[in-house]
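[1] predicted structure and sequence below. I'll ask about it afterward.
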Amino acid sequence: MNIKELKEIIAIFQEADIEELEIEREDSKIRLKRNAEPEVRHVAAQSHAPSVAVQTEAKKLDTDKEEAEKDGLIEIKTPMVGTFYKAPAPDADQFVDIDEKVNEDTVVCIIEAMKLMNEIKADVKGRVVKILVDNGQPVEFGQALFLVKPE
């Protein structure tokens, strides 16, 4: 199973109204299970009455997006669901910091998905203006991670 297939499966699972999914092939086995902890955004967002924390986070994301559009900033978004990490290891320097220049090939973070560490590249040339996600925070498919001022 390749990364593209894995991303598609995760995206479908996230949109589906199921708690657990298991796929078994000759060469691989995948098991996805929703986390029942209330602080995980993708679980809380699916409940019928979102918590105050989820509502606050949604407003913050909307504000960040409006701010980015006003200032001509570009969002670097996550291509998958997973856990965001600023550095390759807990004791290592983070990949990028605010006011740091990036180019298309600059690795800006890692998204851990199903025990796989996926390097995320900037895909844009510019300067990092804002980091929108905290280290170790769960992220959704298409969620903005960084705001970059193009150069």
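    Yep, it's here.

[2] which stretches in this protein count as helices?
    Along the chain, counting by DSSP state H, helices occupy 3-15, 41-44, 52-71.

[3] for this protein, just list every one of the strands.
    Using DSSP state E, the strands of the chain run over residues 20-24, 29-33, 74-77, 82-85, 101-102, 107-113, 116-121, 126-131, 138-139, 144-150.

[4] and among those strands, the most buried is which?
    strand 138-139 (a mean of 22; mean count of other Cβ atoms under 10 Å). In this view, the C-beta of every residue, glycine as well, is placed from N, C-alpha and C.

[5] quickly run through the sheet partners of that one, with directions.
    Strand pairing for strand 138-139, using DSSP bridges, gives strand 82-85 (antiparallel).

[6] ok, of the helices of the chain, where does mean pLDDT dip lowest?
    Mean pLDDT values for those show the minimum at helix 41-44, a mean of 38.

[7] count of residues packed around Lys125?
    15 (other Cβ atoms under 10 Å).

[8] any idea how far it is from Glu104?
    Going from Lys125 to Glu104 by Cβ to Cβ, to the nearest Å gives 6 Å.

[9] ditto for Gly142
    Computed as Cβ to Cβ, the Gly142 to Glu104 distance reads 19 Å.

[10] neighbour-wise, which of the two wins?
    Neighbours were counted for Gly142 and for Glu104 using other Cβ under 10 Å; Gly142 has more, 12 against 9.

[11] the more buried one: what's it in contact with?
    Contact analysis of Gly142 by Cβ atoms under 8 Å, 6 or more residues apart in numbering lists 77-79.

[12] that's all I had, so thanks and see you.
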